[in-house]
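A.B. asks: Take a look and give me a structure for this.
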Amino acid sequence: MSERRALWLFILLTLGGGLGVGALSLPGAWFAGLREPAFNPPGWVFGPVWSVLYVLIGIAGWRLWRVPGAGLARRLWWAQLALNFLWPPVFFDAHDLRLSVAVIVALLLVVAALVLAARRQDKLAAWLLLPYLAWVGFATVLNSAVLALN
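C.D. replies: As a prediction, this is how the structure comes out:
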């Protein structure tokens with residue numbers, strides 16, 4: 001497989017998968033009834049932010065796929081993607097605030113470990129993942145605040 005084709009597959013997997021999961025797990029009336037913290041961004045912010053992050057995650061995954069000996073980083077990349085795609089159904093479909101906090105804390109820990117593992121294999125991949133780590137950190141605080149308020 002050509003490197004260019006592989007890059008597009010990684011981006012399609014992350015961006016397409018994220019948009020697909022998001023389309024299947026919409027906020028709905030239940031979410032509208034929740035109390036939210038004052039620092040919650042407007043709803044329109046999440047789509048563009050996640051779209052950019054998914055592209056960065058895809059590029060980082062592609063870069064790690066190309067590096068010999070990056071097995072741990074690759075496994076962490078797949079683990080973060082699974083946890084990322086798990087969170088919306090747990091929160092928006094199952095309405096399980098406690099479990100959603102557990103999932104997002106696990107996601108935060110895995111992304112942090114991924115950044116550290118990627119740094120040893122491909123520094124640019126690690127840099128590409130830093131905005132994702134920051135956003136998941138913010139999302140963890142936000143999710144925890146929603147749990148505390150409800």
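
A.B. asks: rest of the way, CA atoms for contacts and neighbours
C.D. replies: OK.

A.B. asks: Mind jotting down where the helices sit in this protein?
C.D. replies: Here the chain has its helices, by DSSP state H, at 3-11, 17-24, 28-32, 46-65, 71-88, 97-121, 123-149.

A.B. asks: Could you export the ones you listed to CSV, including columns for mean pLDDT and mean neighbour count?
C.D. replies: CSV is the format used below for those (pLDDT from 0 to 100; neighbours: other Cα atoms under 10 Å):
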stretch, mean pLDDT, mean neighbour count
helix 3-11, 95, 15
helix 17-24, 95, 16
helix 28-32, 94, 10
helix 46-65, 97, 20
helix 71-88, 98, 19
helix 97-121, 98, 20
helix 123-149, 98, 18
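
A.B. asks: Please name whichever of those helices is nearest to residue 38.
C.D. replies: Closest approach to residue 38 among those is made by helix 123-149 (9.8 Å; Cα to Cα).

A.B. asks: from the middle of its chain, how far away would the closest one be?
C.D. replies: Helix 123-149 sits 8 Å away from the centroid of its parent chain (Cα atoms, centre = their mean, to the nearest Å).

A.B. asks: what's the answer for stretch 52-71, then?
C.D. replies: Centroid separation between stretch 52-71 and its chain, computed with Cα atoms, centre = their mean, is 14 Å.

A.B. asks: before we move on, back to that, which one, of the helices of the chain, ends up nearest to residue 39?
C.D. replies: Among those, helix 123-149 comes nearest to residue 39, with 8.0 Å by Cα to Cα.

A.B. asks: ok so, going back, distance to residue 38 added to the helices of the chain, as TSV?
C.D. replies: Converted to TSV, those look like this (distance: least, Cα to Cα, whole Å):
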stretch	distance to residue 38
helix 3-11	33
helix 17-24	23
helix 28-32	15
helix 46-65	16
helix 71-88	21
helix 97-121	18
helix 123-149	10
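
A.B. asks: Ok, which of those comes nearest residue 40?
C.D. replies: Residue 40 lies closest to helix 123-149 among those, at 6.9 Å (Cα to Cα).

A.B. asks: Mind giving me the packing neighbours of the closest one?
C.D. replies: Helices and strands touching helix 123-149, by 3 or more Cα pairs under 8 Å, 6 or more residues apart in numbering; DSSP states H and E, are helix 46-65, helix 97-121.

A.B. asks: Contacts for the last one, please.
C.D. replies: Outside helix 97-121, the residues within contact range by Cα atoms under 8 Å, 6 or more residues apart in numbering are 64, 67, 69-70, 72-73, 76-77, 79-80, 83-84, 86-87, 90-91, 125-127, 129-130, 132-133, 136-137, 139-140, 143-144, 146-147.
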